[in-house]
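In: got a sequence here, can you build the structure:
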Amino acid sequence: MGSAEIDINFLTSLLSQIGEKPLQASIFAKGATCDVWRVQSTNRLFALRVFNGGDRVLDGVVDAFIRSSLSARGCAIVAPILNSETTGQSFEGKRWCLEPFITGSHPRRGALSQQIGRRLGETLAALHELRSVEFGRPLQVHEDCIVGQKSNPFEGVAQRFENPLPELWRDGFDHPLLKALPDLAVATLALLRDVSERVREGETVVCHSDIHERQLICSDNRLAALIDFGDASILDRHWDLGSVYYFHGEANFAAVYDAYSSNTRSAQTCPQLARSFSAAVAMHHSSRSRLPGKSHRLEKATQHIRQLLRVTLP
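Out: As a prediction, this is how the structure comes out:
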């Protein structure tokens, strides 16, 4: 799949199942988990995602269940049309998913319009209403309920995030964010204690967990789709709210939260907790900054903590 061409026989066989015929295909994007192809048929455009494998690839049945369920609720989601799990057909031993090609662009980070923010809040509220049990990465769907792989909430967090909370630090781990902000270490740890107390309660939902601007496709000042559920996990709902706060800032979070709280039946939400969870998201990204080419994440995380504590401290 590293080339700029794809097997036309595979595409023909694939599209024939929905009464279409391929005209042309070109590589659209290449990522850590999948390559995305733009496929033009006789009548419409498709996106074909071919997965490269690895632990971050969400089970295809679970992914299809989540996105189809949300699409049926009228959410801003791209519902899959076919995938390797439902057809039993792989491509060169790899999993794939065919879905409509959504046109649009990504918003600037921290610059969501009110309309986009509200639509995102509504979509997250619907996502969090899906039935789930246990914690961490989804394992399967059983009787319309998404089942996690872990029985302990902190183990579920550890499956998704890298060193976000002190309970997960081992062997005297010295966190890079606390090293970078020694003057704010005590205040930061106080925020993380709030997160740990909440996680310990074990209230969980299905979370997207990574709501940065490139996960949003927008068109004509509206949210066309929240995409890429590859990191979906069963976690406390405030991980999603904290992700919005971390990536998009306080003002944008307020618009998202207003719509979210108006569309959820749960009384278990708190804007202050979302701010605390955004600090845990910052801890995750600063840990990831040690990877090659990711050093910029530490700078973003430290900026967020400084801004966050200016907001929340007297």
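In: hang on, W37 in a helix?
Out: No. Read with DSSP: H, G, I helix; E, B strand; the rest coil, W37 is strand and lies in no helix.
In: ok, it touching K30?
Out: No. Between W37 and K30 there is no contact, the gap being 10.1 Å when judged by CB atoms under 8 Å. From N, CA and C alone the C-beta is placed, and that goes for glycine too.
In: comparing those two, which residue is more hemmed in?
Out: W37 (23 against 11; other CB atoms under 10 Å).
In: which residues sit in contact with that one?
Out: By CB atoms under 8 Å, 6 or more residues apart in numbering, the contact set of W37 is 6, 25-28, 47-50.
In: confidence score at it?
Out: Note for W37: predicted pLDDT of 93.
In: what's the answer for P182, then?
Out: 95.
In: now R137
Out: pLDDT, R137: 96.
In: in terms of residue numbering, what are the domains of the protein?
Out: What automatic domain parsing lists as the domains of the chain is 8-100, 114-312.
In: turn the contacts of W37 into a markdown table, including secondary structure.
Out: Below are the contacts of W37 laid out as a markdown table (three-state DSSP):
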| residue | secondary structure |
| --- | --- |
| I6 | coil |
| A25 | strand |
| S26 | strand |
| I27 | strand |
| F28 | strand |
| A47 | strand |
| L48 | strand |
| R49 | strand |
| V50 | strand |
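In: and which of those residues is nearest W96?
Out: The closest of the contacts of W37 to W96 turns out to be V50 (CB to CB; 4.8 Å).
In: and the closest one, how far from Q303?
Out: Using CB to CB, to the nearest Å, one gets 36 Å for the distance from V50 to Q303.
In: kindly report the same for T204.
Out: 30 Å.
In: neighbour count winner among these two?
Out: T204 (22 against 11).
In: surely the more buried one meets W239?
Out: No. Here T204 does not reach W239: they are 9.4 Å apart, not a contact under CB under 8 Å.
In: how about low-confidence regions in the stretch 51-200 of the chain?
Out: In the predicted model, the stretch 51-200 of the chain carries pLDDT under 70 at residues 53-56.
In: give the contact list for the nearest residue to D210 once chain neighbours are set aside.
Out: Spatial nearest neighbour of D210, chain neighbours left out: D231 (4.7 Å); criterion: CB to CB, 6 or more residues apart in numbering. When contacts are counted by CB under 8 Å, 6+ apart, D231 touches 56, 58, 160, 208-210.
In: sec struct for D231, please.
Out: Three-state call for D231 (three-state DSSP): coil.
In: list the buried residues of the longest helix that the chain contains.
Out: Secondary structure assigned by DSSP state H gives helix 238-262 as the longest helix of the chain. Under the neighbour-count criterion of 16 or more other CB atoms under 10 Å, helix 238-262 has 238-250, 252-253, 255-257, 259-261 buried.
In: what does stretch 298-314 give?
Out: 298, 300-302, 304-305, 308-309.
In: could you give the mean pLDDT of it?
Out: Stretch 298-314 carries an average pLDDT of 87.
In: so how far is it off the chain centroid?
Out: Per CA atoms, centre = their mean, to the nearest Å, the displacement of stretch 298-314 from the mean C-alpha position of its chain is 22 Å.
In: what's the answer for stretch 158-175, then?
Out: 20 Å.
In: which residues does A158 contact?
Out: Counting by CB under 8 Å, 6+ apart, A158 touches 136, 168.
In: could you redo the last one with a cut-off of 10 Å?
Out: 135-136, 150, 152, 164-165, 167-168 (CB atoms under 10 Å, 6 or more residues apart in numbering).
In: from those, which land in strands?
Out: The members of those that map onto strands under DSSP state E are 135-136, 150.
In: from those residues, which is closest to N43?
Out: G136 (40.7 Å).
In: still on that earlier bit, mind checking which of the buried residues of stretch 298-314 land in helices?
Out: Using DSSP H, the buried residues of stretch 298-314 in helices are 298, 300-302, 304-305, 308-309.
In: if we can go back for a sec, pull up the overlap in contacts between T204 and W239.
Out: With CB under 10 Å, 6+ apart, T204 and W239 have common neighbours S233.
In: what's next to the strand or helix carrying L23, contact-wise?
Out: Assigning secondary structure by DSSP states H and E places L23 in strand 22-30. Residues from elsewhere that reach strand 22-30 (CB under 10 Å, 6+ apart): 1-16, 35-43, 46-49, 52, 101.
In: partner strands of it, with direction?
Out: Strand pairing for strand 22-30, using DSSP bridges, gives strand 34-41 (antiparallel).
In: which of the residues in the partner strand are buried?
Out: For strand 34-41, a neighbour-count test (16+ other CB under 10 Å) marks 34-37, 39, 41 as buried.
In: pick the one among those closest to L184.
Out: C34 (37.7 Å).
In: relative to Q115, how far out is that closest one?
Out: 29 Å.
In: cool, and A274?
Out: Distance, A274 to Q115, using CB to CB: 21 Å.
In: one more: K179?
Out: 41 Å.
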